[in-house]
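Peer 1: sharing a model prediction with you, sequence too.
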Amino acid sequence: MSFAQYAFLVPLFPLLAFVVIVLLTNRSKRLSSNIAIGAMILSGILSYLIFFQAIGEGSEHVLAAAHAGEAPWSMMWDWAPVGLSTIQVGTYLDPLSIIMIVMVTTVGLMIFWYSQGYMNIQDAAHTDPLYARFFAYLSLFAAGMLGYVISPNLVQAIVFWEVMGLCSFLLIGFWFGKKTGVYRNGRWVAEGDANSNAAKKAFLTTRVGDVGFFLGIIALGAVAGTTNYSEVFTMGTLDRLKETFIGFGTPTFAFGGMEIPAVGIAIPALTVISLLLFMGAVGKSAQFPLHVWLPDAMAGPTPVSAMIHAATMVAAGVFLIARMYPVFAAASEASHGVNPLNVVAAIGLFTALFAATIGIAQNDIKRILAFSTISQLGFMVAAIGSGAWVAGVFHMLTHAFFKALLFLGSGSVIHGMEHLHMSHDSPGHADSPQEHGSELPHAPDHRATPSLVVDANAAAPVWAVRSVANPDDPQDIWNMGGLRHKMPITFWTYLMGTLALTGIPIWAGFWSKDEILAHTYETHQTFVWIVLTLTAGLTAFYMARQLILVFFGQPRTAMAREAKESPWTMTMPLVVLAIAATLVGLLGIPDRIGNFVFGSWFHHWIALVPTTGLGPEAVIEAEAPTEMNFLVAGLSVLTALVGWALGYWVYGRRQFTATERDPLARVRFAWNTLQNGYYMDALYRNTFIRGSVALSNGLARFDQRIIDGIVNGVARITVAVSAVGRWIDTYIVDGFVNGVGVVTEEYGRIMRLIQTGFVQNYLLVVFVSILVLSGIYLALR
Amino acid sequence: MVESVPLGAYLVVAAALFAIGLYGALARRHAIAILMGVELMLNAVNVNLVAFWRYLSPANMSGQVFATFIIALAAAEAAIGLALFIAIYRSRDTVSVEEVNLMKW
């Protein structure tokens, strides 16, 4: 029995859970979450069965399939006939997608489990009123992610991709109704409005990339005739596409014996397709310049941040590049002008460094992690772009575990910090249990008269600025401190995650990050290597800052003093993920470290993927053994340790107070720039948002003045014409009609006089008439 | 003997009769008197018919036949007329044609 043929059930279980919760068990909170978790467990069991069976079948099976030009375990069903071809759906299992379903179900299950505690199921008075809906959304999201990674073609992929986008939107804006005030963009707004603005921002920003993704799919389908991976990733197809150009006009044409050079444009198809697909990845994986949505997406509940905005959905963009790597590689080999892999590497590299620097100056615990996620995604993108495919995928896997752990840990911290407010809340006030912060000082009037002309600030993105410190903000690291004694389990697991993220040896992040760095060093991409190493140092610095300010020293506020450890439903997933974050890197240790020989089965197993269908040479090349590069590893560890030491030196030597300015803020200009994310949001607000608002307002005025003027003018002309018509109608037509009536009436009045009613009169007339007529007759005869 | 009375004499008598009948029909107010006038005019025609037959085409019976028809017709007419008058009298208590003016404007 092959479990792989049941792979379609992996996304189906969470999808069914979503349907059941929404339609049937919506009223019952605990039952709903149990159904969601049960579905996740079933998916997870099936994923692990597929995983172990695939390992059991081993490389030979994969190699044989690779030679035959097909995916090792895939099933296809016809879905929609389109023209001459048929769009298919199905499952496409290769080591890459198998490792993904295992990762997604494992991390997902932990997050589902954790969400019960985070949404306060153990405390009926504070359970989230939309608890069941939360689990329904999470299930739908899991279905989307699992369906996406096992998609056999890009059409199915974008369907599930958009399901994820929808769930991301729904879950970021999950607390759309919060009435408490938060300080955003220099003014107080209702937190629910800030949340729904963040959701809209995320949805619209990723939509920009999705347009490119969709165009890329269309372009690939147009030139290749199919988007099925097993058909596109063949030497024949890719060789053909390398020489395919899309565009307008003719390359050359003959005219009177002369060759006239090209008219119009011809673009190399593979380059265009690669760059368009990469656009989708840039949006989804929050790469520069579409990264702005991810920090704001932290408005969602923390399990959502962990699941969607750290471990899985944002990795979907990286997964897309990894999956479509044969196309990128073929486009690079064809080398028509732009090299798409260089673009990918450049964007990833820039994003990694860019986001890491912003992370230094953030004060919101989740926001730091958000920029860290952007930075790490940049790492993966840069890795794949510079050819370190396996290392990039490996980093995606390890990152999913330790970043999910960090987010869940931050959620536990926030939950603990909210304990003070929670215990003072009266149950009657608990319609929104996560309410915190001060009441809105002056609530914006949302019921104002709707106007066609929009205020640009109303759509302004969310941006927290520390210059107005909120002493009630449970997410501000300056309000924390000393939590390691209050929340020991959270602290130790958080420490594991931080060590993994900063790349300290034996923790997961070290192995994957080191593999990326080693690859870039050994392939002489020195610039990439230096920048990524520097980024690793920055990562260590901002994580050290966060860890020290949150967990060490003395509590700086009452909230921190009153913090309590979270319930076991939250801490147990943390422990599981901490173990995973510590050990999962051991899957991918190099083949040889010095004189010790290991078998990095992960490397050799997963390396078979991008070579599927590309022929035996590529497979053998990818199977080359890896070796620990002590120079690279030593330097990266050294940089990380320097980062840690700097972090301690700046933040660890003395006790701060909650309202104190950050020591680094003395470099005021640089600090403000970093804290505001290089003013990217302001830039977008002042260009795209204000631009589109101004354009809309201009169009509104155009509408009001010109279009309405035309319409009103037409109306006025019609009125004038009608007045003339009315005059004609009144005096001429009616006059004629009345005239006929009057004439008839007058004539009748005269003529009726002869109708005396006396028969004798008539008889007299007859007699006289006869006499007259007879007289005439006689006279004329 | 017949020749002693010329045709013209018959015609004069008939004309006189017709004139009397016409006067009665036009001038009298009483409906029965009008009916009598009509009868007189019919009989004036009869006289003419019979006279013309006797003097102009005695071999042909058509003059007498016409006269006979007119007599029968006059009887029927009188019957219908009288019946109408009775009906009018019952509804309006009068047979004066001046007071039976429903068809007047």
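Peer 2: Yep, it's here. These numbers come from a predicted model, not from an experiment.
Peer 1: surely A:Pro301 touches A:Arg133?
Peer 2: No: counting by Cβ atoms under 8 Å, A:Pro301 does not reach A:Arg133; the two are 11.6 Å apart. Where you see a C-beta, it was placed from the backbone N, CA and C, and this is true even at glycine.
Peer 1: residue 23: how many residues sit nearby?
Peer 2: All of this refers to chain A. A:Leu23 sits with 9 neighbouring residues when counted by other Cβ atoms under 10 Å in any protein chain shown.
Peer 1: not quite, go with chain B.
Peer 2: So B:Tyr23, with other Cβ under 10 Å, has 13 neighbours.
Peer 1: same thing with the one 3 residues further on?
Peer 2: Residues contacting B:Leu26 under the criterion other Cβ under 10 Å number 15.
Peer 1: with the one 5 residues further on instead?
Peer 2: A count of neighbours around B:Ala31, defined by other Cβ under 10 Å, yields 20.
Peer 1: what residues are up against it?
Peer 2: By Cβ atoms under 8 Å, 6 or more residues apart in numbering or on different chains, the contact list for B:Ala31 reads B:Gly81, B:Phe85, B:Ile88, B:Val95, B:Ser96, B:Val97, B:Val100.
Peer 1: name the nearest residue to it, sequence neighbours excluded.
Peer 2: Excluding the flanking residues, the one nearest B:Ala31 by Cβ to Cβ, 6 or more residues apart in numbering or on different chains is B:Val95, at 4.2 Å.
Peer 1: so that neighbour sits against B:Leu84, correct?
Peer 2: No: the pair B:Val95 / B:Leu84 is not scored as a contact, 9.4 Å apart, by Cβ under 8 Å.
Peer 1: looking at those two, which is more packed in?
Peer 2: B:Val95 (20 against 13).
Peer 1: just the pLDDT at the more buried one, thanks.
Peer 2: pLDDT, B:Val95: 85.
Peer 1: backbone phi and psi for it, please?
Peer 2: Backbone torsions of B:Val95, given as degrees, to the nearest 10, read phi -120, psi 20.
Peer 1: so is the helix ranked longest in chain B next to chain A?
Peer 2: In chain B, assigned by DSSP state H, the helix with the most residues is helix B:62-92. No: Helix B:62-92 lies out of reach of chain A by Cβ under 8 Å from any Cβ of the partner chain, never closer than 11.5 Å.
Peer 1: tell me how far that helix lies from the chain's centre.
Peer 2: 10 Å (Cα atoms, centre = their mean, to the nearest Å).
Peer 1: just stretch A:515-531 next, same as before
Peer 2: On Cα atoms, centre = their mean, the centre of stretch A:515-531 falls 30 Å from the chain's centre.
Peer 1: any idea how far apart the tips of that stretch sit?
Peer 2: Stretch A:515-531 has an end-to-end distance of 15 Å (criterion: Cα to Cα, to the nearest Å).
Peer 1: and for that stretch, what's in contact with it?
Peer 2: A:345, A:349, A:352-353, A:379, A:382-383, A:386-388, A:390-392, A:394-395, A:532-533, A:536, A:588, A:590, A:626, A:628-629, A:631-633, A:636.
Peer 1: where does pLDDT dip in the chain?
Peer 2: All of this refers to chain A. Low-confidence segments of chain A, defined by pLDDT under 70: A:1, A:58-73, A:182-187, A:247-266, A:421-470, A:592, A:594-601, A:607-626.
Peer 1: if you could check chain B rather than the one you did, that'd help
Peer 2: B:1-3, B:103-105.
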